[in-house]
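K.L.:
Predicted model and sequence below, questions to follow.
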Amino acid sequence: MTSPCDPVVVALDIGGTGMKCALVRPDGTVHHTERHPTRAARGPEAVTGTILDVAAGLADRARADGLRPVAAGIAVPGVVDEENGIAVWSSNVGFRDTPLRDLVADHLGLPAALGHDVRVGGIAEARLGAGRDQRQVLFIAIGTGIAAAHVVDGRAFAGAHGAAGEVGHIVIRPAGPACGCGAHGCLEAIASASAIGRRYAEVSGVADATAYDVAARSAAGEPLAAAVWRDSVEALAEGLLTAQALYDAGMVVLGGGLAEAGEALLAPLRAALDRRITFHRVPRLVRATLGDTAGCLGAALLALDSLS
């Protein structure tokens, strides 16, 4: 049963390939979901137009279902100025100093909030997911890239310039492969899902190999895949050791595509971290539980926070 007074938040998680969209109630339950292609190749103005159209459609859907949209939350990748609601830079989508929060707010006639996709995912996991019983959670998303969100008492810290949590650009092997950021040996260039697939393809000759393929072949006992997987896990442990020195997290929640490997990743990663850690406390290392809904849920929570 719904009442016309029941509030709901319009939530959009924008990626380079697709948009995950939802109507989310204040308690975190999802009333309705949609997915739309981003089609980023059209350029940032066209993508922004699609965001506004989809958000308006969701608000209309809420009203048609007897609900009251009270706010909108948008999550985007890249560098985000959350305080001013600006998508500063995104290589995946093409945003450059786009005032996305105000554009959405004006279009919908609703308060809006803009957040970084990994930080809002971390907020969702900390409040509603794997870290909901913890005060301090370090959420690390491992997919095409690697980024983190440090969440304390349900709030993620963006840093002075909106770029906090870029653990993927910790240099762990200075003589290592080139990274898209311009440095060499970054964690992201060695242990992201895309880097693992690329490395295996290079040494095996298997075209279009993915990190999932490497994990599966390693589990099946293929020596070459096992070597690539082992090296990637060791690299992740080195990056996580540095992150733990910086954040001293009680729990580390791993999300993103690579976390789908489950214990095939977590078990050797725990062992590799244990071998390296000295005086730091070993964090509890777990897999994210919200999957690809975390971005929408976190965007909704960020929007609700902005109302208080």
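P.N.:
Yep, it's here. Numbers count the residues shown, from 1 in each chain.
K.L.:
Any stretches of the protein with poor pLDDT?
P.N.:
Where the chain drops to pLDDT under 70, the residues are 1-4.
K.L.:
Would you map out the domains in it?
P.N.:
7-121+292-307, 134-288 (automatic domain parsing).
K.L.:
which non-adjacent residue is nearest residue 198?
P.N.:
residue 209 (7.9 Å; C-beta to C-beta, 6 or more residues apart in numbering). (Each C-beta comes from the backbone N, C-alpha and C, glycine too.)
K.L.:
correct me, but the one you found touches residue 195?
P.N.:
No: using C-beta atoms under 8 Å, residue 209 is not in contact with residue 195; the gap is 11.5 Å.
K.L.:
More neighbours: the two, which one.
P.N.:
residue 195 (25 against 21; other C-beta atoms under 10 Å).
K.L.:
rewinding a little: can you lay out the domains of the chain as JSON lines showing distance to residue 128?
P.N.:
As requested, the domains of the chain are exported to JSON lines (distance: least, C-beta to C-beta, whole Å):
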{"stretch": "domain 7-121+292-307", "distance to residue 128": "5"}
{"stretch": "domain 134-288", "distance to residue 128": "10"}
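K.L.:
Strands of the chain, start to end?
P.N.:
Per DSSP state E, the chain carries strands over the ranges 7-14, 18-24, 30-37, 68-76, 79-81, 86-89, 96-98, 112-116, 136-142, 146-152, 155-156, 251-255, 284-287.
K.L.:
among those, which is nearest residue 267?
P.N.:
strand 284-287 (9.6 Å; C-beta to C-beta).
K.L.:
returning to what we had before: so the residue nearest to residue 198 versus residue 197, what's the distance?
P.N.:
5 Å (C-beta to C-beta, to the nearest Å).
K.L.:
do the same with residue 270
P.N.:
From residue 270 to residue 197 the distance is 23 Å (C-beta to C-beta).
K.L.:
in the helix ranked longest in the chain, what counts as buried?
P.N.:
Scanning the chain for the longest helix, with DSSP state H as the assignment, gives helix 223-247. Buried positions in helix 223-247, judged by neighbour count with 16 or more other C-beta atoms under 10 Å: 225, 228-229, 232-241, 243-244, 247.
K.L.:
closest to residue 122 among those residues?
P.N.:
residue 247 (11.5 Å).
K.L.:
quick one: contacts for the closest one?
P.N.:
Neighbouring residues of residue 247 by C-beta atoms under 8 Å, 6 or more residues apart in numbering: 136, 138, 150.
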